[in-house]
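J.: please find the sequence and the predicted model below.
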Amino acid sequence: MIDLHTHSLFSDGVLVPSELVRRAFMKGYEVIAITDHGDASNLDFIIPRVTAACRELGKRWKIRALPGIELTHIPPETFGALTKKARKLGAMIVVAHGETLVEPVEPPVVSPPQPLSGARSVIAAPMSATRAANALTILDMCPPSR
C-alpha cells in the first residue's frame, strides 16, 4: 500500500513525522509521503525538517518515506514558482490543495447560492494516490510564475 497525501503536526495532523511513518510501516505500507499544508510563508520551515526526518527514517525501517508539501490556498499563478522552490528545498511530492465546498474562498458563481434539495453534509476526504499523482504531474507542467 501507498499513501501520497498525509499530514503531520507541521500542519493539521496530530503526529510527528516519525510516528506517522512508523504507524504506516506497522500497517504494511511500502510508501508514504508527508505532504503538510504550506504556502510561501512556511515552505522553508516545513520541507527541510520533513526531508531530514524522511531520510533518517528510510534508513531505519523498510518503508519509503517521501518528503512533500501540499500547496494550500495560494494564488494559482504562483503554483509554478512555489513548486520549483519546494523541489529545491527537498520536496519529492507536491500536491495541489483545491477549494472544497466546506472551505470555499472565492464567492460563488451563482448568487445567491441555491440549496440542493436532499443535500447532505459534505466532508472533505483525503485525496487518493491517483489524484495526488495527477496533481503532481499537473504542477510539474505549470510554467513558472513571472
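T.: That came through, no problem.
J.: contacts and neighbour counts: CA atoms only from here.
T.: Fine.
J.: and residue 2, how many neighbours?
T.: 16 (other C-alpha atoms under 10 Å).
J.: now do it, the pLDDT please.
T.: As predicted, residue 2 sits at a pLDDT of 94.
J.: same deal with residue 74?
T.: 89.
J.: residues contacting the residue lying closest to it once chain neighbours are set aside?
T.: In space, and not counting its chain neighbours, residue 74 is closest to residue 39: 6.5 Å by C-alpha to C-alpha, 6 or more residues apart in numbering. Residue 39 makes contact with 71, 72, 73, 74, 82 under the criterion C-alpha atoms under 8 Å, 6 or more residues apart in numbering.
J.: measure residue 39 to residue 66 for me?
T.: 19 Å (C-alpha to C-alpha, to the nearest Å).
J.: and the longest strand along the chain, which strands flank it?
T.: The single longest strand within the chain, with elements called by DSSP state E, is strand 64-72. Applying DSSP bridges to the sheet, strand 64-72 is found paired with strand 31-34 (parallel), strand 37-38 (parallel), strand 93-97 (parallel).
J.: now the contacts of residue 39 in TSV, with neighbour count and distance to residue 34?
T.: TSV is the format used below for those (neighbours: other C-alpha atoms under 10 Å; distance: C-alpha to C-alpha, whole Å):
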residue	neighbour count	distance to residue 34
71	25	13
72	17	14
73	15	18
74	15	19
82	21	17
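J.: looking at those residues, which is nearest residue 50?
T.: Comparing the contacts of residue 39 against residue 50 with C-alpha to C-alpha places residue 71 closest, at 14.9 Å.
J.: need the longest helix for the chain.
T.: As assigned by DSSP state H, the longest helix anywhere in the chain is helix 43-60.
J.: CA atoms only: put it into PDB for me.
T.: C-alpha atoms of helix 43-60 as PDB (Å, rounded to 0.1, in the frame of the first residue of the first chain):
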ATOM      1  CA  LEU A  43       7.900  26.100   2.800                       C
ATOM      2  CA  ASP A  44      11.400  26.800   4.100                       C
ATOM      3  CA  PHE A  45      10.300  25.700   7.600                       C
ATOM      4  CA  ILE A  46       8.400  22.500   6.800                       C
ATOM      5  CA  ILE A  47      10.200  20.900   3.900                       C
ATOM      6  CA  PRO A  48      13.800  20.700   5.300                       C
ATOM      7  CA  ARG A  49      12.500  19.300   8.600                       C
ATOM      8  CA  VAL A  50      10.300  16.700   6.900                       C
ATOM      9  CA  THR A  51      13.100  15.900   4.400                       C
ATOM     10  CA  ALA A  52      15.600  15.200   7.200                       C
ATOM     11  CA  ALA A  53      13.100  13.000   9.000                       C
ATOM     12  CA  CYS A  54      12.200  11.000   5.900                       C
ATOM     13  CA  ARG A  55      15.900  10.500   5.100                       C
ATOM     14  CA  GLU A  56      16.600   9.200   8.600                       C
ATOM     15  CA  LEU A  57      13.500   7.000   8.800                       C
ATOM     16  CA  GLY A  58      14.100   5.400   5.400                       C
ATOM     17  CA  LYS A  59      17.500   4.200   6.700                       C
ATOM     18  CA  ARG A  60      15.900   2.600   9.800                       C
END
